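Asks: What follows is a predicted structure for the sequence shown.
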Amino acid sequence: MKKQFLLTGATGALGSCVSAQLAGTGAAIRALVLPGDRSAARLPDGVERVEGDLLDDGALERLFSVPAGTETTVLHMAAVVTVEPGFDRRTFDVNVAGTENVLRFCERTGVKKLVYVSSSSAIPERPAGEVQTEPDSFDPDAVVGAYSRTKAEATRAVMAAAGRGLDASVVFPTGLCGPGDLNGPLTGFVADCAGGRVPAGVAGTFDMVDVRDAARGVILCAEKGRPGEGYLLSGTLLTIRELMDLASRLGGARRVRTVLPRWAARPVLPILRLTARIRRQKPVFTAVSLYNLERNNRYSAEKAVRELGFSVRPPEETVADTVAWLRETGRLTGRAGRRDKTKKQA
(Lines give C-alpha, C1' and ligand atoms only; values in the text may rest on other atoms or scores of the structure.)
Protein backbone atom coordinates (compact mmCIF):
# COMPACT_ATOMS: atom_id res chain seq x y z
CA MET A 1 0.00 0.00 0.00
CA LYS A 2 1.33 3.44 -0.93
CA LYS A 3 1.98 5.74 2.02
CA GLN A 4 1.54 9.53 1.92
CA PHE A 5 2.37 12.23 4.49
CA LEU A 6 0.26 15.39 4.41
CA LEU A 7 1.84 18.32 6.26
CA THR A 8 0.65 21.72 7.38
CA GLY A 9 3.16 24.21 8.77
CA ALA A 10 5.94 22.45 6.87
CA THR A 11 7.96 25.63 6.33
CA GLY A 12 8.16 26.62 10.01
CA ALA A 13 11.04 25.82 12.34
CA LEU A 14 9.56 22.53 13.53
CA GLY A 15 7.87 21.71 10.23
CA SER A 16 11.03 22.16 8.16
CA CYS A 17 12.87 19.77 10.50
CA VAL A 18 10.06 17.24 10.23
CA SER A 19 10.09 17.61 6.43
CA ALA A 20 13.84 17.06 6.26
CA GLN A 21 13.75 14.01 8.51
CA LEU A 22 10.86 12.45 6.59
CA ALA A 23 12.52 13.21 3.25
CA GLY A 24 15.62 11.42 4.50
CA THR A 25 13.58 8.23 4.73
CA GLY A 26 12.28 8.59 1.17
CA ALA A 27 8.72 9.25 2.33
CA ALA A 28 6.16 10.76 -0.05
CA ILE A 29 5.37 14.24 1.31
CA ARG A 30 2.74 16.78 0.29
CA ALA A 31 2.76 20.16 2.08
CA LEU A 32 0.22 22.95 2.36
CA VAL A 33 2.14 26.19 1.68
CA LEU A 34 0.90 29.75 1.99
CA PRO A 35 0.94 31.67 -1.31
CA GLY A 36 4.12 33.72 -1.55
CA ASP A 37 5.76 32.03 1.44
CA ARG A 38 9.48 32.55 0.84
CA SER A 39 10.26 29.92 3.47
CA ALA A 40 8.95 27.30 1.03
CA ALA A 41 12.45 27.33 -0.46
CA ARG A 42 13.54 25.45 2.66
CA LEU A 43 11.43 22.41 1.78
CA PRO A 44 13.45 19.38 0.64
CA ASP A 45 13.49 18.41 -3.02
CA GLY A 46 10.63 16.14 -3.94
CA VAL A 47 8.08 17.64 -1.53
CA GLU A 48 4.85 18.29 -3.42
CA ARG A 49 3.40 21.71 -2.67
CA VAL A 50 -0.23 22.74 -2.47
CA GLU A 51 -0.79 26.50 -2.22
CA GLY A 52 -3.47 27.73 0.14
CA ASP A 53 -4.29 28.03 3.83
CA LEU A 54 -6.22 26.22 6.52
CA LEU A 55 -9.35 28.32 5.93
CA ASP A 56 -9.48 27.48 2.21
CA ASP A 57 -11.60 24.38 1.58
CA GLY A 58 -10.39 24.21 -2.00
CA ALA A 59 -6.76 24.04 -0.87
CA LEU A 60 -7.56 21.41 1.75
CA GLU A 61 -9.43 19.42 -0.90
CA ARG A 62 -6.29 19.40 -3.04
CA LEU A 63 -4.11 18.52 -0.05
CA PHE A 64 -6.26 15.56 0.98
CA SER A 65 -6.92 14.22 -2.54
CA VAL A 66 -4.89 11.02 -2.76
CA PRO A 67 -5.35 7.88 -4.88
CA ALA A 68 -7.69 5.23 -3.53
CA GLY A 69 -5.95 2.78 -1.23
CA THR A 70 -3.32 5.27 -0.09
CA GLU A 71 -2.37 5.11 3.60
CA THR A 72 -2.39 8.75 4.69
CA THR A 73 -0.74 10.29 7.75
CA VAL A 74 -1.48 13.94 8.54
CA LEU A 75 0.95 16.04 10.58
CA HIS A 76 -0.83 19.27 11.50
CA MET A 77 1.84 21.75 12.60
CA ALA A 78 0.59 25.11 11.26
CA ALA A 79 -0.16 27.78 13.86
CA VAL A 80 0.04 31.48 14.58
CA VAL A 81 2.30 32.08 17.60
CA THR A 82 1.87 35.23 19.65
CA VAL A 83 2.62 36.49 23.17
CA GLU A 84 -0.26 38.96 23.09
CA PRO A 85 -2.68 38.55 26.00
CA GLY A 86 -6.00 39.47 24.35
CA PHE A 87 -8.18 37.89 21.70
CA ASP A 88 -6.79 38.02 18.17
CA ARG A 89 -9.01 37.04 15.25
CA ARG A 90 -6.24 35.72 13.00
CA THR A 91 -4.74 33.60 15.80
CA PHE A 92 -8.17 32.12 16.54
CA ASP A 93 -9.03 31.53 12.90
CA VAL A 94 -5.79 29.69 12.10
CA ASN A 95 -5.26 27.82 15.36
CA VAL A 96 -8.85 26.84 16.15
CA ALA A 97 -10.98 27.11 13.00
CA GLY A 98 -8.08 25.86 10.87
CA THR A 99 -7.65 22.80 13.09
CA GLU A 100 -11.38 22.10 12.96
CA ASN A 101 -11.15 22.20 9.15
CA VAL A 102 -8.27 19.73 9.17
CA LEU A 103 -10.25 17.43 11.47
CA ARG A 104 -13.25 17.62 9.15
CA PHE A 105 -11.18 16.52 6.17
CA CYS A 106 -9.41 13.82 8.18
CA GLU A 107 -12.72 12.29 9.21
CA ARG A 108 -14.26 12.68 5.78
CA THR A 109 -11.37 11.09 3.87
CA GLY A 110 -10.56 8.38 6.39
CA VAL A 111 -6.89 9.13 7.05
CA LYS A 112 -4.89 6.48 8.84
CA LYS A 113 -3.31 8.80 11.43
CA LEU A 114 -3.36 12.42 12.57
CA VAL A 115 -0.71 14.00 14.78
CA TYR A 116 -1.58 17.45 16.05
CA VAL A 117 1.24 19.67 17.31
CA SER A 118 -0.16 21.56 20.29
CA SER A 119 2.00 23.34 22.89
CA SER A 120 3.01 22.93 26.51
CA SER A 121 1.35 26.31 27.06
CA ALA A 122 -2.03 24.61 26.45
CA ILE A 123 -1.48 22.64 29.67
CA PRO A 124 -2.86 24.36 32.81
CA GLU A 125 -0.12 25.36 35.23
CA ARG A 126 0.34 23.29 38.36
CA PRO A 127 1.59 24.76 41.66
CA ALA A 128 5.28 25.61 41.94
CA GLY A 129 7.48 22.58 42.50
CA GLU A 130 5.10 20.07 40.92
CA VAL A 131 6.15 18.31 37.72
CA GLN A 132 3.63 18.83 34.93
CA THR A 133 2.43 15.96 32.77
CA GLU A 134 -0.22 15.43 30.11
CA PRO A 135 -3.70 16.37 31.44
CA ASP A 136 -6.92 14.48 30.80
CA SER A 137 -8.86 17.56 29.66
CA PHE A 138 -8.21 21.02 28.22
CA ASP A 139 -9.82 24.30 29.21
CA PRO A 140 -9.00 27.53 27.32
CA ASP A 141 -10.01 29.53 30.40
CA ALA A 142 -7.40 27.74 32.54
CA VAL A 143 -4.38 29.02 30.58
CA VAL A 144 -2.86 32.46 29.97
CA GLY A 145 -2.60 34.34 26.66
CA ALA A 146 -4.33 34.21 23.28
CA TYR A 147 -1.99 31.59 21.84
CA SER A 148 -2.35 29.24 24.83
CA ARG A 149 -6.13 29.54 24.80
CA THR A 150 -6.39 28.75 21.09
CA LYS A 151 -4.06 25.77 21.41
CA ALA A 152 -6.07 24.44 24.36
CA GLU A 153 -9.32 24.82 22.42
CA ALA A 154 -7.87 23.17 19.32
CA THR A 155 -6.44 20.32 21.40
CA ARG A 156 -9.86 19.75 22.94
CA ALA A 157 -11.33 19.52 19.45
CA VAL A 158 -8.70 16.94 18.41
CA MET A 159 -9.38 14.83 21.49
CA ALA A 160 -13.12 14.99 20.76
CA ALA A 161 -12.45 13.72 17.22
CA ALA A 162 -10.40 10.88 18.69
CA GLY A 163 -13.41 10.05 20.85
CA ARG A 164 -15.47 9.77 17.65
CA GLY A 165 -13.06 7.20 16.24
CA LEU A 166 -10.32 9.21 14.50
CA ASP A 167 -6.83 7.84 15.17
CA ALA A 168 -5.46 11.15 16.44
CA SER A 169 -2.65 11.86 18.88
CA VAL A 170 -1.24 15.13 20.22
CA VAL A 171 2.29 16.28 21.01
CA PHE A 172 3.13 19.19 23.31
CA PRO A 173 6.57 20.68 22.57
CA THR A 174 8.07 23.12 25.07
CA GLY A 175 10.39 25.98 24.03
CA LEU A 176 11.98 25.18 20.67
CA CYS A 177 15.56 26.11 19.88
CA GLY A 178 18.08 24.91 17.33
CA PRO A 179 19.76 25.39 13.98
CA GLY A 180 17.42 26.35 11.17
CA ASP A 181 14.95 28.11 13.48
CA LEU A 182 14.59 31.48 11.72
CA ASN A 183 11.95 33.17 13.89
CA GLY A 184 11.80 31.34 17.22
CA PRO A 185 12.09 33.54 20.34
CA LEU A 186 14.60 31.25 22.08
CA THR A 187 16.84 30.98 19.01
CA GLY A 188 16.61 34.75 18.59
CA PHE A 189 17.65 35.23 22.21
CA VAL A 190 20.61 32.88 21.71
CA ALA A 191 21.61 34.92 18.65
CA ASP A 192 21.43 38.17 20.63
CA CYS A 193 23.48 36.77 23.52
CA ALA A 194 26.06 35.15 21.24
CA GLY A 195 26.36 38.39 19.29
CA GLY A 196 26.84 40.50 22.42
CA ARG A 197 23.61 42.45 21.92
CA VAL A 198 21.97 41.77 25.32
CA PRO A 199 22.72 44.45 27.94
CA ALA A 200 20.64 42.73 30.63
CA GLY A 201 18.36 39.75 31.12
CA VAL A 202 15.14 39.23 33.04
CA ALA A 203 15.07 36.53 35.71
CA GLY A 204 13.06 33.42 34.96
CA THR A 205 13.05 29.84 33.77
CA PHE A 206 11.92 27.90 30.71
CA ASP A 207 12.05 24.38 29.33
CA MET A 208 14.09 24.14 26.13
CA VAL A 209 13.91 21.27 23.64
CA ASP A 210 16.04 20.97 20.51
CA VAL A 211 13.87 21.51 17.45
CA ARG A 212 15.48 18.45 15.83
CA ASP A 213 14.50 16.27 18.79
CA ALA A 214 10.96 17.65 18.79
CA ALA A 215 10.70 16.90 15.06
CA ARG A 216 11.74 13.32 15.69
CA GLY A 217 9.10 13.19 18.45
CA VAL A 218 6.40 14.20 15.98
CA ILE A 219 7.41 11.41 13.60
CA LEU A 220 7.64 8.89 16.42
CA CYS A 221 4.13 9.88 17.50
CA ALA A 222 2.89 9.21 13.97
CA GLU A 223 4.37 5.72 14.24
CA LYS A 224 3.56 4.79 17.83
CA GLY A 225 1.20 7.34 19.36
CA ARG A 226 -1.99 5.87 20.79
CA PRO A 227 -5.36 7.30 19.70
CA GLY A 228 -6.62 10.02 22.01
CA GLU A 229 -3.30 10.31 23.87
CA GLY A 230 -1.01 13.31 24.33
CA TYR A 231 2.77 13.34 24.68
CA LEU A 232 4.90 16.09 26.19
CA LEU A 233 8.07 16.72 24.20
CA SER A 234 10.05 18.54 26.86
CA GLY A 235 13.80 18.98 27.14
CA THR A 236 15.78 20.68 29.91
CA LEU A 237 14.74 23.22 32.53
CA LEU A 238 17.07 26.21 32.35
CA THR A 239 17.29 29.65 33.90
CA ILE A 240 17.75 32.75 31.78
CA ARG A 241 21.11 33.18 33.53
CA GLU A 242 22.23 29.72 32.38
CA LEU A 243 21.19 30.30 28.77
CA MET A 244 22.85 33.73 28.60
CA ASP A 245 26.12 32.35 29.99
CA LEU A 246 26.10 29.41 27.60
CA ALA A 247 25.25 31.44 24.48
CA SER A 248 27.65 34.30 25.18
CA ARG A 249 30.52 31.92 25.93
CA LEU A 250 29.96 29.85 22.79
CA GLY A 251 29.54 32.98 20.70
CA GLY A 252 32.67 34.61 22.07
CA ALA A 253 30.73 37.55 23.52
CA ARG A 254 31.05 39.23 26.88
CA ARG A 255 29.09 37.73 29.74
CA VAL A 256 25.79 39.46 30.45
CA ARG A 257 26.23 40.52 34.06
CA THR A 258 22.87 42.08 34.85
CA VAL A 259 19.73 40.02 35.43
CA LEU A 260 16.72 42.13 36.38
CA PRO A 261 13.94 40.86 38.63
CA ARG A 262 10.64 40.46 36.81
CA TRP A 263 8.96 43.18 38.84
CA ALA A 264 11.45 45.67 37.41
CA ALA A 265 10.35 44.85 33.85
CA ARG A 266 6.61 45.26 34.39
CA PRO A 267 6.52 49.09 34.62
CA VAL A 268 8.19 49.44 31.22
CA LEU A 269 5.77 47.14 29.36
CA PRO A 270 3.59 50.04 28.07
CA ILE A 271 6.72 51.81 26.80
CA LEU A 272 7.94 48.68 25.04
CA ARG A 273 4.52 48.18 23.45
CA LEU A 274 4.37 51.79 22.23
CA THR A 275 7.92 51.65 20.87
CA ALA A 276 7.20 48.41 19.05
CA ARG A 277 4.02 49.89 17.55
CA ILE A 278 5.89 52.95 16.29
CA ARG A 279 8.62 50.76 14.78
CA ARG A 280 6.04 48.27 13.48
CA GLN A 281 7.76 45.46 15.35
CA LYS A 282 6.69 42.86 17.89
CA PRO A 283 7.19 44.03 21.51
CA VAL A 284 10.27 42.60 23.23
CA PHE A 285 8.23 41.68 26.30
CA THR A 286 4.52 41.47 27.11
CA ALA A 287 2.63 40.48 30.22
CA VAL A 288 2.31 36.97 28.75
CA SER A 289 6.04 36.58 28.03
CA LEU A 290 6.85 37.68 31.60
CA TYR A 291 4.30 35.19 32.91
CA ASN A 292 5.98 32.47 30.84
CA LEU A 293 9.26 33.20 32.63
CA GLU A 294 7.80 33.13 36.13
CA ARG A 295 5.34 30.25 35.78
CA ASN A 296 6.08 26.66 36.78
CA ASN A 297 8.12 25.35 33.83
CA ARG A 298 8.84 21.86 35.13
CA TYR A 299 7.62 19.31 32.57
CA SER A 300 8.10 15.57 32.20
CA ALA A 301 8.58 13.78 28.89
CA GLU A 302 8.54 10.39 30.64
CA LYS A 303 5.42 9.23 28.79
CA ALA A 304 6.91 10.09 25.38
CA VAL A 305 10.18 8.39 26.36
CA ARG A 306 8.36 5.26 27.50
CA GLU A 307 5.79 4.93 24.71
CA LEU A 308 7.45 6.61 21.73
CA GLY A 309 11.17 6.17 22.34
CA PHE A 310 11.63 9.94 22.55
CA SER A 311 15.01 11.30 23.64
CA VAL A 312 16.73 14.68 23.83
CA ARG A 313 20.29 15.91 23.51
CA PRO A 314 21.96 18.10 26.16
CA PRO A 315 21.26 21.86 25.93
CA GLU A 316 24.97 22.57 25.46
CA GLU A 317 24.86 20.70 22.15
CA THR A 318 21.74 22.54 21.05
CA VAL A 319 23.19 25.98 21.79
CA ALA A 320 26.59 25.09 20.26
CA ASP A 321 24.98 23.86 17.05
CA THR A 322 22.69 26.92 16.97
CA VAL A 323 25.60 29.35 17.36
CA ALA A 324 27.54 27.47 14.65
CA TRP A 325 24.53 27.70 12.31
CA LEU A 326 24.09 31.42 13.06
CA ARG A 327 27.75 31.98 12.27
CA GLU A 328 27.71 29.92 9.06
CA THR A 329 24.61 31.70 7.73
CA GLY A 330 25.79 35.21 8.62
CA ARG A 331 23.12 35.70 11.28
CA LEU A 332 25.57 36.18 14.15
CA THR A 333 25.65 39.97 14.17
CA GLY A 334 26.67 42.46 16.85
CA ARG A 335 30.10 42.80 18.45
CA ALA A 336 30.90 39.09 18.51
CA GLY A 337 29.68 38.71 14.94
CA ARG A 338 31.87 41.57 13.75
CA ARG A 339 34.90 40.03 15.49
CA ASP A 340 34.13 36.75 13.76
CA LYS A 341 34.00 38.43 10.33
CA THR A 342 37.32 40.16 11.02
CA LYS A 343 38.94 36.82 11.84
CA LYS A 344 37.65 35.30 8.57
CA GLN A 345 38.98 38.23 6.52
CA ALA A 346 42.39 37.94 8.19
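Replies: Everything's here; your move. Computed from a predicted structure; not experimentally measured.
Asks: Enumerate the helices of the stretch 201-346 of the chain by residue range, in sequence order.
Replies: 211-224, 240-251, 262-265, 269-279, 287-294, 302-308, 315-328, 334-345 (DSSP state H, counting those that start in this stretch).
Asks: Mean pLDDT lowest where, among these?
Replies: When the helices of the stretch 201-346 of the chain are compared by mean pLDDT, helix 334-345 comes last with a mean of 46.
Asks: The helices of the stretch 201-346 of the chain into a markdown table, with extra columns for distance to Y231 and mean neighbour count?
Replies: C-beta here means a position set from N, CA and C on the backbone, and glycine is covered the same way. Converted to a markdown table, the helices of the stretch 201-346 of the chain look like this (distance: least, CB to CB, whole Å; neighbours: other CB atoms under 10 Å):
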| stretch | distance to Y231 | mean neighbour count |
| --- | --- | --- |
| helix 211-224 | 6 | 23 |
| helix 240-251 | 25 | 21 |
| helix 262-265 | 31 | 14 |
| helix 269-279 | 34 | 12 |
| helix 287-294 | 21 | 18 |
| helix 302-308 | 4 | 17 |
| helix 315-328 | 20 | 20 |
| helix 334-345 | 37 | 14 |
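Asks: got a markdown table for these, with distance to C17 too?
Replies: Listed next are the helices of the stretch 201-346 of the chain as a markdown table, based on distance: least, CB to CB, whole Å:
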| stretch | distance to C17 |
| --- | --- |
| helix 211-224 | 4 |
| helix 240-251 | 20 |
| helix 262-265 | 32 |
| helix 269-279 | 29 |
| helix 287-294 | 22 |
| helix 302-308 | 16 |
| helix 315-328 | 12 |
| helix 334-345 | 24 |
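Asks: Go through those helices and name the closest to A28.
Replies: For A28, the closest of those is helix 211-224, at 13.6 Å, according to CB to CB.
Asks: any idea of the angle the closest one forms with helix 315-328?
Replies: 120 degrees (axes from the mean of the first three to the mean of the last three CA atoms, to 10 degrees).
Asks: Run through the strands of this protein in chain order.
Replies: For the chain, the strands defined by DSSP state E occupy 3-8, 29-33, 48-51, 71-76, 113-117, 168-173, 175-177, 200-202, 205-210, 230-233, 236-239, 258-260.
Asks: My read is that L54 contacts V94, right?
Replies: Yes - when contacts are counted by CB atoms under 8 Å, L54 is listed as touching V94 (5.9 Å).
Asks: Give the residues shared as contacts by the two.
Replies: A78 (CB atoms under 8 Å, 6 or more residues apart in numbering).
Asks: which one of the two has more residues nearby?
Replies: Remark: of L54 and V94, L54 carries more neighbours, 24 against 21, as counted by other CB atoms under 10 Å.
Asks: got a list of what that one touches?
Replies: T8, L32, L60, A78, V94, A97, G98, T99, N101, V102.
Asks: Same check on P135?
Replies: Here P135 is in contact with I123, P124, G230 (CB under 8 Å, 6+ apart).
Asks: The nearest residue to D53 once chain neighbours are set aside: what's it in contact with?
Replies: Of all residues not flanking D53 in the chain, L34 sits nearest, at 5.8 Å (CB to CB, 6 or more residues apart in numbering). Contact analysis of L34 by CB under 8 Å, 6+ apart lists T11, E51, G52, D53.
Asks: what does R331 give?
Replies: R331 touches A191, W325, counting by CB under 8 Å, 6+ apart.
Asks: what do you get if the cut-off is 7 Å, keeping everything else the same?
Replies: Contacts for R331 (CB atoms under 7 Å, 6 or more residues apart in numbering) come out as A191.
Asks: N297 now?
Replies: Listed by CB under 7 Å, 6+ apart, the contact set of N297 reads T205, F206, D207, L237.
Asks: Is it possible to mark the buried ones in the residues you listed?
Replies: T205, F206, D207, L237 (16 or more other CB atoms under 10 Å).
Asks: from these, which is closest to R313?
Replies: D207 (14.3 Å).
Asks: ok, that closest one touching Y299?
Replies: Yes - under the criterion of CB atoms under 7 Å, D207 is in contact with Y299, at a separation of 5.2 Å.
Asks: which neighbours do those two share?
Replies: Both D207 and Y299 are contacted by S120, T174, S234, under the criterion CB under 7 Å, 6+ apart.
Asks: Which one (most neighbours) among the residues you listed?
Replies: Going by other CB under 10 Å, S234 tops the shared contacts of D207 and Y299 with 28 neighbours.
Asks: For it, which residues are in contact?
Replies: Residues near S234 by CB under 7 Å, 6+ apart: S120, T174, D207, V209, Y299, S300, A301.
Asks: how far off strand 113-117 does the longest helix along the chain point, in degrees?
Replies: When the chain is parsed with DSSP state H, its longest helix is helix 146-163. Relative orientation of helix 146-163 and strand 113-117, computed by the same axes, to 10 degrees: 160 degrees.
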